[in-house]
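Chemist: Task: produce atomic coordinates for the following.
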Amino acid sequence: MIDAGDRYGKTPLFYAAMNGHEAVVNILLDAGANIETRDKRYGWSPLLYAIRNANDNVLWQLLDRGAAIDVTPLWWAIDHGKPALAMKLATRGANVNVVNDKCVAPLIQALRIGPETLAIALIAFEAKIETPLMLASGRRHISVVHALLQKGADVNFVNSVGQTALFVAIKGGDMDIVRLLLEHGADVNTTDRHGKTLFSIAAENGYAEVTDLLHRYSHHSAKPSKQDKTARMPIRTKSTMEMRLR
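Modeler: Got it, this is the predicted structure:
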């Protein structure tokens, strides 16, 4: 039987795909081999083995013959940092927003493990971009931040604690990303749910240059909370005041 498997559940199609035997793959499929069969150990399909073994020609063969692109192939490409493969799968209809069993989206995972080109590839295929903007800002991926903004990410998107990407960028201390977000209209007068402003975050971390930059982009004076009254002062002045209060 053409779909008879060995003790691992692998049929002849598996081994043809694994070893890049294009002609054999075609013969087996023409003879009716099950393209979606799975092995016993991992539950993988011939497509995934072709992907793992970097047999690109067989990969395209299987896709052309109707192999399903489920969650696993795209996630394998992401987890192994293969942007070119991720793009190939996306062009064939892989859902770039499907989450894994931990409810993590592909773009979030790409930002966590890199390279930046992988994240940029997913952005090009309409991956959801609001939360990733915050993650990219915090992890100092300026190329990704730029790509997200070019795709229309909301620079003032607020997370569950009331913070925007600019909050995260300031905490990360990346002046270039802070400037980039400001150039794209980031609100400098926003306050998070703890009553903290961007000015106070910059002051707490000793980023006088960031504070100056925020002032330059401020179009109208904010009304600082009590805890922020010293945050807008120069760092040296603030420290002196704190010493006097001790």
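Chemist: so how far is residue 202 from residue 105?
Modeler: Distance from residue 105 to residue 202, counting by Cβ to Cβ, to the nearest Å: 30 Å. All C-beta spots, glycine's among them, are computed from the backbone N, C-alpha and C.
Chemist: what's the answer for residue 110, then?
Modeler: Taking Cβ to Cβ as the measure, residue 110 falls 29 Å from residue 202.
Chemist: Tell me which of these two has more neighbours.
Modeler: Each of residue 110 and residue 202 has its neighbours counted (other Cβ atoms under 10 Å); residue 110 has more, 31 against 25.
Chemist: and residue 177, how many neighbours does it have?
Modeler: 25.
Chemist: Where does it sit: helix, strand or coil?
Modeler: Put simply, residue 177 is helix when judged by DSSP: H, G, I helix; E, B strand; the rest coil.
Chemist: Can you give me the distance of the nearest residue to residue 33 once chain neighbours are set aside to residue 36?
Modeler: Nearest in space to residue 33, with sequence neighbours left out and distances taken as Cβ to Cβ, 6 or more residues apart in numbering, is residue 13 at 4.6 Å. Separation of residue 13 from residue 36 (Cβ to Cβ): 10 Å.
Chemist: can you check residue 51 too?
Modeler: 15 Å.
Chemist: likewise residue 207?
Modeler: Computed as Cβ to Cβ, the residue 207 to residue 36 distance reads 54 Å.
Chemist: Looking at those two, which one has more neighbours?
Modeler: Between residue 207 and residue 36, residue 207 has the larger neighbour count (other Cβ under 10 Å), namely 19 against 12.
Chemist: if I've got this straight, residue 206 is in a strand?
Modeler: No. Under three-state DSSP, residue 206 sits outside any strand and is assigned coil.
Chemist: residues in contact with the residue nearest to residue 14 when sequence neighbours are not counted?
Modeler: For residue 14, ignoring the flanking residues on the chain, the nearest one in space by Cβ to Cβ, 6+ apart is residue 46 at 5.3 Å. The contact partners of residue 46, taken as Cβ atoms under 8 Å, 6 or more residues apart in numbering, are 13-14, 16-18, 25, 35, 37, 62, 67.
Chemist: Report the buried members of those.
Modeler: 13-14, 16-18, 25, 35, 37, 62, 67 (16 or more other Cβ atoms under 10 Å).
Chemist: taking those one by one, which sit in helices?
Modeler: 13-14, 16-18, 25, 62 (DSSP state H).
Chemist: Could I get those residues in TSV, plus columns for distance to residue 181 and pLDDT?
Modeler: Converted to TSV, those look like this (distance: Cβ to Cβ, whole Å; pLDDT from 0 to 100):
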residue	distance to residue 181	pLDDT
13	50	95
14	49	94
16	51	95
17	45	94
18	46	93
25	49	95
62	43	92
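Chemist: Check which helices and strands the one helix or strand residue 201 maps to sits against.
Modeler: Residue 201 is part of helix 198-204, with elements assigned from DSSP states H and E. If you count contacts as 3 or more Cβ pairs under 8 Å, 6 or more residues apart in numbering; DSSP states H and E, helix 198-204 packs onto helix 165-172, helix 208-217.
Chemist: of those helices, which approaches residue 120 most closely?
Modeler: Nearest of these to residue 120, taken as Cβ to Cβ: helix 165-172 at 16.8 Å.
Chemist: I'd like to know which elements the closest one is packed against.
Modeler: Using 3+ Cβ pairs under 8 Å, 6+ apart as the contact test, the elements touching helix 165-172 are helix 130-138, helix 175-183, helix 198-204.
Chemist: and that helix, C-alpha only, in PDB?
Modeler: What follows is helix 165-172 as a C-alpha-only set of coordinates in PDB (Å, rounded to 0.1, in the frame of the first residue of the first chain):
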ATOM      1  CA  ALA A 165       5.100  52.700  23.400                       C
ATOM      2  CA  LEU A 166       6.900  55.900  24.400                       C
ATOM      3  CA  PHE A 167       6.700  54.900  28.000                       C
ATOM      4  CA  VAL A 168       8.400  51.600  27.200                       C
ATOM      5  CA  ALA A 169      11.000  53.200  25.000                       C
ATOM      6  CA  ILE A 170      12.000  55.700  27.700                       C
ATOM      7  CA  LYS A 171      12.300  52.900  30.200                       C
ATOM      8  CA  GLY A 172      14.600  51.100  27.700                       C
END
